[in-house]
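J.: can you look at this prediction? I've put the sequence above it.
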Amino acid sequence: MVQKTKSSKARKGRSKITSSKTGGQGYRMLLAGLFLTGFLVLCLVVLGHLRQSLYSGPKPRLLAPSPIPDDVRLELDTMLWRAGISFESLHVVTEPGRVRYVVAATAPNQRHFNELQQRLDALPGDWRLKIIQPYTVVEIVSGSELLYRLEFQAADTVKPGPSRPRVAIVVDDLGFDLSSARSLLEMNLPLTFAILPYAPRAGAVARFAQQHGIEAILHIPMEPHGFPAIDPGPDALLLSTEPEAAKRQLRIWLDGLPSLVGGNNHMGSRLTEQNSSMAAIMETLRERKLFFLDSRTSEASVAVAEARRAGIPVASRDVFLDNVRDVEAISRQIYQLVAVARRRGSAIGICHPYPETLEALRREAPLLKEQGIDVVPVSWLVYGGGVGEIGKGG
């Protein structure tokens, strides 16, 4: 009996060992199968990519964006401006697929056309000048497409153009010193001063403007996007300011500065998007019989709508002149302002008393007069209408 029991135990031990070995082999076979399956899937993916790269053909080439026609037109207008050709001598005709300039003047010399070609070369795309008839007909083409055609003719053969375009230039952020105000006065242009109410010399600048017949408006500090990191200044009207508190603060500022005719926003990219806040401001301006100029620091501004709802005169900025503090860049923005005015009849620009801006205005002021552009106080255009927007602001 004892021997039989030992034999039985031995058989059971050998059975366990055999079972253990069989289980380990099965586990290894399963791992090997999974590895082989993964390897085959990887090979199929790689072969698929290789097949696609070999047989799908070349990828389409991404083309550089072409400039809008207004970019080319601005360069053309600048060339005529620099060549001393008055915009009053132009008759612009829009035809299917092209714009025709009929110019009552002698064509500029070759140097001006060479400079124009250099500026066109700097734009995306292939823009070329074609001299069709020397000193008579010049074309601007892109590839085989004719975009602009200039025809220089004797003055008595050209149809008279429209009435003289008008521009208003508002100088923001004044009130920190009198020297900027004096420099602007010396330009002999009817500019509009936008005075910051908390600036240390705000009252002095307002009185200076009053004494010299310069139009002045209140540059109303308002909350921008990015507040408080971007600070509109002490006592600025914020999103958290209750409407009645905003009215009281606005009245304090208006009472502190003489002879104001309107207001515009300082910063305010966030506040001008809020109907209730802008409604409070417009109601206060209506009490004082003042207008509002929307500086358009936000594309979502509701200022114009709220001003109209309140029944006060309103207009919008068209061009920011000095987002880039460079004399040449500011001059180009002045040309852009003039181009808008020529197309629409009037345009409003906003700038700041930066040294570069003063230099650009000083340089271009004589040309504005020579080109038949009437610079007027902004109130003339606010009451005459015109709402638009080009460029960016802070």
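T.: Perfect, thanks for sending it.
J.: check contacts around the closest residue to F87 other than its chain neighbours.
T.: Closest residue to F87 apart from its sequence neighbours, by CB to CB, 6 or more residues apart in numbering: Q371 at 4.9 Å. In this view, the C-beta of every residue, glycine as well, is placed from N, C-alpha and C. By CB atoms under 8 Å, 6 or more residues apart in numbering, the residues touching Q371 are W81, S86, F87, E88, V338.
J.: for Q371, phi and psi?
T.: Backbone dihedrals for Q371, given as degrees, to the nearest 10, come out at phi -80, psi 0.
J.: that one and G349, how far apart?
T.: From Q371 over to G349 the distance is 15 Å, taken as CB to CB, to the nearest Å.
J.: is G203 in a helix, a strand, or coil?
T.: For G203, the secondary structure call by DSSP: H, G, I helix; E, B strand; the rest coil comes out as helix.
J.: ok, it touching W253?
T.: No: at 11.0 Å, G203 does not count as touching W253 under the criterion of CB atoms under 8 Å.
J.: now do the strands in this structure.
T.: Ranges of strands in the chain, per DSSP state E, are 90-95, 98-103, 127-133, 137-142, 145-152, 166-174, 192-195, 215-222, 260-267, 291-294, 314-316, 319-320, 346-351, 374-375.
J.: closest to P228 out of those?
T.: Closest of those to P228 is strand 260-267, at 11.9 Å (criterion: CB to CB).
J.: so what does that closest one touch, helix or strand wise?
T.: Other elements packing on strand 260-267 under the criterion 3 or more CB pairs under 8 Å, 6 or more residues apart in numbering; DSSP states H and E are strand 166-174, strand 192-195, strand 215-222, helix 275-287, strand 291-294, helix 378-384.
J.: please save the CA atoms from the second one in CSV.
T.: It stands for strand 192-195. Taking Å, rounded to 0.1, in the frame of the first residue of the first chain, the C-alpha atoms of strand 192-195 are listed here in CSV:
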residue,chain,number,x,y,z
THR,A,192,-8.2,117.9,-34.8
PHE,A,193,-6.7,117.5,-31.3
ALA,A,194,-7.9,114.5,-29.2
ILE,A,195,-6.9,115.3,-25.6
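J.: just the buried residues of that strand, please?
T.: For strand 192-195, a neighbour-count test (16 or more other CB atoms under 10 Å) marks T192, F193, A194, I195 as buried.
J.: sheet-wise, list the partners of it with their directions.
T.: If you go by DSSP bridges, strand 192-195 pairs up with strand 166-174 (parallel), strand 215-222 (parallel).
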